[in-house]
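Visitor: Just a sequence and a predicted model for now, questions to come.
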Amino acid sequence: MSKGSVAVVGAGPAYFILADHAPEVCRSGVPLTYSGYKIWKVPAGGTFDLRNRPANGYYLRSVNAGVIDANPY
């Protein structure tokens with residue numbers, strides 16, 4: 001395995017989340033609004049390269065006023 005790669009151990013998948021831009025709303029006492037963060041689901045036994053994240057294979061989720069748009073799993 002290369003430097004920066006991780007392996008998923010255990011029976012279930014692991015989720016890697018990338019919030020690569022600023023949220024639309026992030027203030028104390030105000031519900032979060034953050035559009036389009038990326039999630040990669042990696043199955044048990046799979047690997048993920050933290051240094052060179054894949055350019056595909058992820059799905060997007062958003063939170064609007066503290067409510068997530070869909071099941072993140």
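Guide: Noted; the coordinates are in hand.
Visitor: For the protein, which strand extends over the most residues?
Guide: For the chain, the longest strand by residue count, based on DSSP state E, is strand 34-42.
Visitor: can you list contacts of that strand?
Guide: 8, 13-21, 23-26, 48, 53-54, 57-64, 72-73 (CB atoms under 8 Å, 6 or more residues apart in numbering). Glycine gets a C-beta too; all of them are placed from N, C-alpha and C.
Visitor: And the residue of the chain most remote from its centre, how close does it get to residue 22?
Guide: Of all residues in the chain, residue 29 has its C-alpha farthest from the mean position, at 23.9 Å, by CA atoms, centre = their mean. Computed as CB to CB, to the nearest Å, the residue 29 to residue 22 distance reads 18 Å.
Visitor: what's the pLDDT at the residue minimising distance to the centre of the chain?
Guide: With distances taken as CA atoms, centre = their mean, residue 17 lies nearest the centre of the chain, 1.6 Å away. On pLDDT, residue 17 comes in at 96.
Visitor: Off-centre distance for the helix or strand where it lies?
Guide: Taking DSSP states H and E as the definition, residue 17 sits inside strand 14-18. When distances are taken as CA atoms, centre = their mean, to the nearest Å, strand 14-18 is centred 4 Å away from the chain's centroid.
Visitor: same thing with stretch 48-62?
Guide: 7 Å.
Visitor: so how far does it reach from one end to the other?
Guide: Start to finish, the residues bounding stretch 48-62 are 23 Å apart (CA to CA, to the nearest Å).
Visitor: low-confidence ranges in this protein?
Guide: 1 (pLDDT under 70).
Visitor: and residue 22, how many neighbours does it have?
Guide: 7 (other CB atoms under 10 Å).
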